[in-house]
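Peer 1: quick one, what's the 3D model for this:
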Amino acid sequence: MFKYYQNEIKQIFDNWQITLTNYFIQLAIVGLFAFDLYSILKGSIGSSLELNDLINHYNHTVFSDYMRFNRSSILTILHSAKYSLLVWVLVSNLINAGILFSTVNKNQNSAISFFKNSIQYFIPNLKFNFFFFTLILISILSFIVPFALSLDSLLNYFSSEKFIFILLIILVIILAILILSIFTWSVISKLIFMQEKFTYRKCLRIGLKSLVKNWLVLLKFILLMIFFQLCILFIYLMLENILNHELSFMLLVLILIQQTYFILRIQLKQLIYLGIYNRVKQEKY
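Peer 2: Numbering: from 1, shown residues only. Now for the predicted structure:
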């Protein structure tokens, strides 16, 4: 398996400047929000006795008092989180544009060219993302709303709740496959746009045609990447759980493991884009 993917993995490691640029951009955004959050928690909200009680066990009365006395600080946190989320979405769109462009242009893997192409394709990538996000939202609502409206009828129809649970699992699996297919369609369309400079509509049409033609191969590849992601996450959580029970000097090791995990996630994203591109790039448009 490694031999099959070794060329793609090698190219990801060759793009180390892109990986580090992505890492430091995300670290800066998270760091700014974390610093702001720390300054708030350092005050009365973090030193509250009610918070210590809530950590040990939930008490609705204590929780109500805590929310009442620290209302302004909590609203400040929510206000900061709102704008941080907006910045995160825009920056993610920016860096994803750069990663997608570097996928179809192997020779442009420096940090300078990454920034340049990220800015150039920021708006086109945003337009694609808006279309596919709307499509995913419609798909989710198309599954959730009918199921919620028919839930009472299903409870009366079936003799046991387990049949409804099985039906729900089936719907979730179908919805997950549909969302993965839409995600793959979006990646193919963006890659075609950055390689061929076609119109949006033509890229969407070609991307959908390519998805249908290579659906099974692409789905297997995406599921394999998700499996790798879950394996990395499991190893990270296992190491974190072990080190949390060790002496305090292991804190540095834990931080290094966390940052390594974040870097691997960035590289895995590049591998997904590159893998999809390599499986559809030979097609005639």
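Peer 1: what's the closest non-adjacent residue to I179?
Peer 2: If you skip the residues right next to it in sequence, I179 has I136 as its closest partner in space, 5.7 Å away by CB to CB, 6 or more residues apart in numbering. Where C-beta positions appear, they are placed from N, C-alpha and C, glycine not excepted.
Peer 1: tell me what whichever strand or helix holds that neighbour is packed against?
Peer 2: I136 belongs to helix 122-149 when elements are defined using DSSP states H and E. In this structure, helix 122-149 makes packing contacts with helix 71-104, helix 161-196, helix 200-213, judged by 3 or more CB pairs under 8 Å, 6 or more residues apart in numbering; DSSP states H and E.
Peer 1: mean pLDDT lowest for which of those?
Peer 2: Lowest mean pLDDT within those: helix 71-104, a mean of 81.
Peer 1: report all helices and strands that that helix contacts.
Peer 2: Applying 3+ CB pairs under 8 Å, 6+ apart, one finds that helix 71-104 contacts helix 16-41, helix 111-120, helix 122-149, helix 161-196, helix 251-280.
Peer 1: and the angle for it with helix 122-149?
Peer 2: Interaxial angle of helix 71-104 relative to helix 122-149 (axes from the mean of the first three to the mean of the last three CA atoms, to 10 degrees): 120 degrees.
Peer 1: please identify the buried residues of helix 71-104?
Peer 2: Buried residues in helix 71-104, counting neighbours by 16 or more other CB atoms under 10 Å, are found at 73, 76-77, 80, 84, 91-104.
Peer 1: pLDDT-wise, which helix or strand of the chain ranks last?
Peer 2: Ranking every helix and strand in the chain by mean pLDDT, DSSP states H and E puts helix 49-56 at the bottom, with a mean of 53.
Peer 1: residue with max distance from the center of the protein?
Peer 2: Here the centre of the chain is the reference, and by CA atoms, centre = their mean the most remote residue is S159, at 39.2 Å.
Peer 1: next, give phi and psi for that one.
Peer 2: In this entry, S159 is assigned phi and psi values of phi -80, psi -20 (degrees, to the nearest 10).
Peer 1: any idea how far it is from V89?
Peer 2: Per CB to CB, to the nearest Å, S159 is found 46 Å from V89.
Peer 1: next one: I138
Peer 2: Using CB to CB, I138 is found at 19 Å from V89.
Peer 1: same thing with K213?
Peer 2: Relative to V89, K213 is positioned 32 Å away (CB to CB).
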